[in-house]
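Enquirer: what would the 3D arrangement of this be:
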Amino acid sequence: MLEVAAAVLQRDDGSFLLARRPEGKVYAGYWEFPGGKIEPGEAAETALARELYEELGIEARRAYPWITRVFAYPHATVRLNFFRVLGWTGEPHARERQQIHWQRLDGPIPEPMLPANAPVLAALALPYEYAVTDAHALGGNAMLAALERRLAGGLRLIQVRDKDMAPDDRMRFARGALALARRYGARLLVNSDLSLARELGADGVHFSARQMMSLANRPRDIMAAASCHDVRELARAMTLGLDFAVLGPVKPTASHPLAVPMGWRRFAELARGASLPVYAIGGLRLADLEDAWRAGAHGVAMLSGSWH
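Expert: Here you go, the predicted structure:
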């Protein structure tokens with residue numbers, strides 16, 4: 001297994017840096033995320049800093065562990081330890097004969113991309129906040145009004161939860177939420193009900209941990225996510241190839257008062273090495289985002305925190 005540290009350098013406008021492998025290297029001409037081999041006994045974070053300086057002449061200031069992808073190439077099996085790098089000193093410039101290019105997700109992606117790197121683009125498209133509706137606490141109309149305010153402010157990923165609603169009421173509420181999501185270009189998942197998600201034309205379904213553990217395969221016609229609470233459930237989410245997982249509770253939460261919070265240290269132990277983006281959940285606010293990133297989370301999922 002060849003261990004590699006890979007950097008997803010992101011500017012404030014969302015663009016990220018790609019590098020084209022130079023002549024003389026394996027897969028010359030292919031595009032990838034910058035990085036390089038982790039030496040024996042070297043920490044991944046140390047290798048990342050070294051490679052960014054050697055390849056691009058920059059010093060990483062804010063680098064967060066993210067996802068890990070294993071890929072079998074003909075010449076080697078590699079484990080790519082991806083880090084999101086959101087702050088650095090210096091201006092990136094090519095120092096090893098490679099080409100570099102700032103890329104936006106809404107622009108045409110350079111071809112060819114190294115196969116191990118291509119799935120990372122889908123993960124990059126996920127926003128940092130995953131908001132979960134709470135019509136039980138706010139009321140249906142007030143919840144839709146709060147949702148529209150947040151969508152107007154940039155919210156782009158929503159889960160319709162509200163499983164305690166009567167079926168007809170939940171259908172009407174979900175239709176209203178989906179209409180708002182479509183108006184603002186956001187994606188919406190329905191909690192626990194794949195049939196309802198498909199009937200609505202929603203973007204995806206969010207499975208409970210129990211539902212996920214009984215799945216033989218993930219649905220392929222729709223986004224799929226799941227709630228996880230331990231290493232076994234997170235491993236199952238990875239095996240199924242879900243689009244993302246939610247892991248917690250990190251802190252005490254009113255929605256699950258009997259659940260024992262795992263804290264950031266345990267969250268980091270579980271999330272480290274995950275092959276899919278993992279959102280932290282449980283008693284969180286947007287102010288916890290930096291702690292979540294340091295622990296390896298993609299972002300934060302919030303029930304009351306998204307609306308208060």
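
Enquirer: show me what contacts residue 164?
Expert: By Cβ atoms under 8 Å, 6 or more residues apart in numbering, the contact set of residue 164 is residue 136. All C-beta spots, glycine's among them, are computed from the backbone N, C-alpha and C.

Enquirer: separation between it and residue 199?
Expert: According to Cβ to Cβ, to the nearest Å, residue 164 stands 20 Å off from residue 199.

Enquirer: ok, which stretches of the stretch 1-150 of the chain are helices?
Expert: 44-56, 120-124, 135-138, 140-152 (DSSP state H, counting those that start in this stretch).

Enquirer: would CSV of those helices with mean neighbour count, distance to residue 271 and mean pLDDT be doable?
Expert: Formatted as CSV, the helices of the stretch 1-150 of the chain follow (neighbours: other Cβ atoms under 10 Å; distance: least, Cβ to Cβ, whole Å; pLDDT from 0 to 100):
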stretch, mean neighbour count, distance to residue 271, mean pLDDT
helix 44-56, 19, 14, 97
helix 120-124, 18, 13, 92
helix 135-138, 17, 28, 91
helix 140-152, 17, 26, 97
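
Enquirer: which of those sits closest to residue 38?
Expert: helix 44-56 (4.1 Å; Cβ to Cβ).

Enquirer: export the closest one to PDB, keeping only CA atoms.
Expert: Output of helix 44-56 as PDB, limited to C-alpha atoms (Å, rounded to 0.1, in the frame of the first residue of the first chain):
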ATOM      1  CA  ALA A  44       0.400  12.500   6.900                       C
ATOM      2  CA  GLU A  45       0.200  16.100   8.100                       C
ATOM      3  CA  THR A  46       4.000  16.400   7.900                       C
ATOM      4  CA  ALA A  47       4.100  14.900   4.400                       C
ATOM      5  CA  LEU A  48       1.400  17.300   3.300                       C
ATOM      6  CA  ALA A  49       3.300  20.300   4.400                       C
ATOM      7  CA  ARG A  50       6.500  19.100   2.800                       C
ATOM      8  CA  GLU A  51       4.900  18.300  -0.500                       C
ATOM      9  CA  LEU A  52       3.100  21.600  -0.700                       C
ATOM     10  CA  TYR A  53       6.300  23.500  -0.200                       C
ATOM     11  CA  GLU A  54       8.300  21.300  -2.600                       C
ATOM     12  CA  GLU A  55       5.600  21.300  -5.400                       C
ATOM     13  CA  LEU A  56       4.000  24.700  -5.000                       C
END
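
Enquirer: could you dump the helices of the stretch 1-150 of the chain to CSV with distance to residue 17?
Expert: Below are the helices of the stretch 1-150 of the chain laid out as CSV (distance: least, Cβ to Cβ, whole Å):
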stretch, distance to residue 17
helix 44-56, 8
helix 120-124, 12
helix 135-138, 41
helix 140-152, 30
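
Enquirer: good, wrapping up.
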